[in-house]
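> Below is the sequence, then the predicted model.
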Amino acid sequence: MGWTSYSHESRSVRAATMGYHTKSKDDIFIQNKKREIHESMEPSKALLREARDSEAHPNSLPIIVGLDVTGSMGHIPHQLVKDGLPDMVGNLVQKGVKSPAILFLGIGDHECDSAPLQVGQFESGDEELDLWLTRTWMEGRGGGNAGESYHLAWYFAANHTITDSYDKRGQKGFLFTIGDEPCLPTLPKRAVEEIMGQEPQDNFKTEDLLAAAQEKYEVFHLHIMEGSNGRYSLGYWEKLLGQHCIQVDDHSKVGTVIAETIASHMGTRVSNEPVDVVINDTDTDTNVKPEEEIL
């Protein structure tokens, strides 16, 4: 993945054609009416996701965005598809991060949801990123068990991703979970087997999964403060992640916060070379793969 580039012109045309600013969430996110996970996002079929360098992106930077798709958080993917995603990519490029490779995960509750983990691909092009984002099922459930399965993002990143950024350059990627609940304290091996189709040797503690993900990724949690859940569980995340817990008072700013966090954290790692922003759709269309090939 990652052979195409992000075109804001192409994206603007697609947004208008697809009605991203006018249609309801259920009309945009194609699985919502079907009430099931898209087959291409089944974790058991996504045992390895790769963020590789390419001629178009010789210094790819892997970015995993774990979206809480339970009842209280479904409005955030909707906001991303309207404005948040192009704002995020545009801000990253303007700040010198020229080759972001973004993977979307859908995160639910492994104790009660049908699809507690949904897995996209690392992508750089506007069409591919829209495709994976809108394939995500906003299951809208979650339980009254005082937590969600954010640690599934850490498990997947640690065990099922390969990145040239880390393997070739020793450069960590970035992993963001977004939500308003604490993380459930354990991930039982039974749940991993049900989700991934592979049974590990033992159960996992949340702290161990976090440490494993932190070996290859800078791990952050964007804590949404709108509503009582966010205020209740903020202390949990501050204790677990310290300054890597970021309060977000306005969910419409999620994309901007992600871009600013990456650029700020990278510091001198951000290139000062001139930025190439793709504005000619002809250049990208020749490399875009047909939808049926994006698996």
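Perfect, I can see it now.
> Below-threshold pLDDT in the stretch 101-250 of the chain: ranges please.
Applying pLDDT under 70 to the stretch 101-250 of the chain flags the ranges 143.
> Report how many residues lie close to residue 81.
23 (other CB atoms under 10 Å). All C-beta spots, glycine's among them, are computed from the backbone N, C-alpha and C.
> That one: what secondary structure?
helix (DSSP: H, G, I helix; E, B strand; the rest coil).
> Could you measure from it over to residue 27?
Here the criterion is CB to CB, to the nearest Å. By it, residue 81 lies 11 Å from residue 27.
> contacting residues for residue 197?
For residue 197, the contacting residues are 43-44, by CB atoms under 8 Å, 6 or more residues apart in numbering.
> What's the separation between it and residue 189?
Using CB to CB, residue 197 is found at 13 Å from residue 189.
> again with residue 232
When distance is defined by CB to CB, residue 232 is 30 Å away from residue 189.
> ditto for residue 264
When distance is defined by CB to CB, residue 264 is 37 Å away from residue 189.
> Of the two, which one has the most company?
In terms of neighbours (other CB under 10 Å), residue 189 is the more surrounded of residue 264 and residue 189; the figures are 15 against 10.
> Look at the residue lying closest to residue 216 once chain neighbours are set aside and give its secondary structure.
Sequence neighbours aside, residue 166 is the residue nearest to residue 216 in space, at 4.9 Å (criterion: CB to CB, 6 or more residues apart in numbering). Under the three-state scheme (three-state DSSP), residue 166 adopts helix.
> Counting neighbours, what do you get for residue 166?
The tally of other residues near residue 166 (other CB under 10 Å) stands at 17.
> residues in contact with it?
Residue 166 neighbours (CB under 8 Å, 6+ apart): 62, 172-173, 216.
> Tell me where the stretch 101-250 of the chain has strands.
Ranges of strands within the stretch 101-250 of the chain are 117-119, 161-163, 173-179, 186-187, 204-205, 217-224, 245-248, based on DSSP state E, counting those that start in this stretch.
> thought residue 221 was touching residue 180?
No. Between residue 221 and residue 180 there is no contact under CB atoms under 8 Å: 10.3 Å.
> what's near enough to touch residue 222?
By CB under 8 Å, 6+ apart, residue 222 lies in contact with 176-179, 246, 248, 254, 257-258.
> Most neighbours among those, please name it.
When the contacts of residue 222 are compared by neighbour count (other CB under 10 Å), residue 258 ends up highest, at 29 neighbours.
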